[in-house]
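Peer 1: What follows is a predicted structure for the sequence shown.
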Amino acid sequence: MSGALGKKIKVGIVGGTGYTGVELLRLLSQHPNVELTAITSRKEDGMPVAQMYPNLRGHVDLCFATPENAALDQCDVVFFATPHGVAMSQAQALLDKGVRIIDLAADFRLQDTAVFEQWYKMPHACPDILADSVYGLVELNRLKISGASVVGNPGCYPTTVILGLLPLLEGGKALVDTQHIIADCKSGVSGAGRKAEVATLFSEASDSFKAYGVAGHRHHPEIAEQLSAIAGQPVGLTFVPHLVPMIRGMFSTLYLRILPEALDTDFQALFETRYVNEAFIDVMPPGSLPETRSVRASNQLRIAVHRPSPGQLVVLVIQDNLVKGASGQAVQNMNLMFGLPETTGLEHVAVLP
Ligand SMILES: NC(=O)C1=CN([C@@H]2O[C@H](COP(=O)(O)OP(=O)(O)OC[C@H]3O[C@@H](n4cnc5c(N)ncnc54)[C@H](OP(=O)(O)O)[C@@H]3O)[C@@H](O)[C@H]2O)C=CC1
Ligand SMILES: CC(=O)N[C@@H](CCC(=O)OP(=O)(O)O)C(=O)O
């Protein structure tokens with residue numbers, strides 16, 4: 001393995017100018033086992049990365065190149081921080097050169113191509129590669145990820161919802177009503193990416209708070225597919241995303257009914273036991289009220305378990321959508337794929353205030 005032997009991992013990023021791309025650059029430029037080798041942008045071809053992103057001055061001396069001219073095929077791994085549909089169109093050519101792939105978009109998340117095509121409105125370009133790919137939620141698929149050539153990095157909302165429910169559903173447990181799960185989720189505006197859109201203008205998104213995607217959001221099938229596989233039966237899920245006037249951060253509140261036969265369960269202990277060895281999951285003490293700023297710019301996901309009445313469970317989950325919800329989780333996947341300690345380059349403490 002490149003990492004384990006001390007040889008640096010050559011890394012390429014397709015889509016280096018977007019929010020997840022620049023977050024990858026921030027994390028990878030400080031990663032001790034990584035050599036940043038190729039960074040693409042079609043619009044900023046030739047521009048020094050550090051000119052566009054001054055926070056990277058002195059840390060990244062590469063220039064953006066078009067995907068055609070970038071040395072992607074000389075990399076050990078390429079991250080796609082691009083819109084849906086880009087990675088799947090380039091995956092075969094890179095795999096043929098022995099390059100491994102981590103896609104931050106949805107091309108390798110949904111195993112059912114019919115569901116992918118329904119929600120993403122495009123045919124899947126490589127169902128055979130999809131079949132061999134791994135859903136990159138480390139806390140669920142650690143072993144498979146370590147041997148994968150192609151990893152589909154989870155969506156940001158799905159990361160919080162799945163990790164907030166995993167201890168309750170896995171192993172065929174009968175603890176909560178799996179037909180009436182409610183996920184009430186909020187994201188900062190950076191979740192919509194850097195591209196110009198009216199909905200993310202300052203005067204539209206600030207000093208306001210709104211739900212969206214109530215009639216259907218593409219993360220619903222992703223969450224449902226994973227939860228159903230974990231529970232061993234189809235789950236019933238109401239998922240409502242909201243846009244909150246902050247830049248980074250995600251807060252998911254999960255509402256559950258406890259089954260009569262599970263009323264004696266110690267849910268706090270259940271979560272603590274499940275995640276005791278997970279470096280990036282913090283099960284907070286009973287009664288905790290997590291705040292998104294406590295994870296800002298870190299790969300930490302924090303969970304607080306509440307039981308407002310004997311039959312009700314409320315699970316609060318927070319993460320930074322750009323780190324554990326995207327680029328940090330992608331680096332965590334890379335570490336596993338290259339035999340490195342999972343936490344390498346990811347041990348930043350959150351920024352307060
Ligand atoms: N923002 C977030 O919190 C999260 C985002 N994601 C996913 O990660 C991916 C990237 O998101 P984000 O960084 O926010 O997006 P942005 O819109 O901020 O950036 C997109 C990047 O992709 C490049 N790009 C666009 N089209 C193409 C193309 N056809 N071929 C090659 N490069 C292209 C753009 O550069 P240029 O046009 O110059 O080539 C740009 O660098 C998306 O799929 C998103 O859904 C996942 C989880 C969370
Ligand atoms: C606030 C906001 O707009 N969030 C995005 C989701 C974040 C994301 O990028 O998810 P994907 O990788 O699945 O596209 C949205 O709801 O479309």
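Peer 2: Good, I have the coordinates. Ligands and ions are numbered 1, 2, ... in the order given.
Peer 1: For this structure, which segments are assigned as strands?
Peer 2: Applying DSSP state E to the chain gives strands spanning 9-14, 34-39, 77-80, 100-103, 134-135, 150-152, 181-187, 210-211, 237-243, 250-257, 281-283, 301-309, 312-319.
Peer 1: So for ligand 2, which of the ones you listed sits nearest?
Peer 2: Ranking the strands of the chain by proximity to ligand 2 (C-beta to the nearest ligand atom) places strand 181-187 first, at 4.0 Å. Backbone N, C-alpha and C define where each C-beta goes, glycine included.
Peer 1: Give me the helices and strands touching that closest one, please.
Peer 2: When contacts are defined as 3 or more C-beta pairs under 8 Å, 6 or more residues apart in numbering; DSSP states H and E, strand 181-187 sits against helix 156-169, strand 237-243, strand 250-257.
Peer 1: give me that answer again for 6 Å
Peer 2: strand 237-243, strand 250-257 (3 or more C-beta pairs under 6 Å, 6 or more residues apart in numbering; DSSP states H and E).
Peer 1: Show which residues not belonging to that strand make contact with it.
Peer 2: The contact list for strand 181-187 (C-beta atoms under 6 Å, 6 or more residues apart in numbering) reads 157, 161, 237-242, 244, 250-255, 321.
Peer 1: got the angle between it and strand 250-257?
Peer 2: Here the directions of strand 181-187 and strand 250-257 differ by 170 degrees (axes from the mean of the first three to the mean of the last three C-alpha atoms, to 10 degrees).
Peer 1: buried set for strand 181-187?
Peer 2: 181, 183-187 (16 or more other C-beta atoms under 10 Å).
Peer 1: out of those, which one sits closest to ligand 1?
Peer 2: residue 187 (7.2 Å).
Peer 1: Near ligand 2, which residues of the chain are found?
Peer 2: Contacts of the chain with ligand 2, taken as C-beta under 6 Å from any ligand atom, map to 105-106, 155-156, 187, 191-192, 219, 241, 243.
Peer 1: re the thing from before, most tightly packed of the helices and strands packed on strand 181-187?
Peer 2: Ranked by mean neighbour count, those are led by strand 250-257 with a mean of 21 (mean count of other C-beta atoms under 10 Å).
Peer 1: Neighbouring strands - and their directions - for that one?
Peer 2: Strand 250-257 pairs in its sheet with strand 181-187 (antiparallel), strand 312-319 (antiparallel), by DSSP bridges.
Peer 1: could I get the ones you listed as a markdown table with distance to ligand 1?
Peer 2: Conversion of those to a markdown table gives the following (distance: least, C-beta to the nearest ligand atom, whole Å):
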| stretch | distance to ligand 1 |
| --- | --- |
| strand 181-187 | 7 |
| strand 312-319 | 10 |
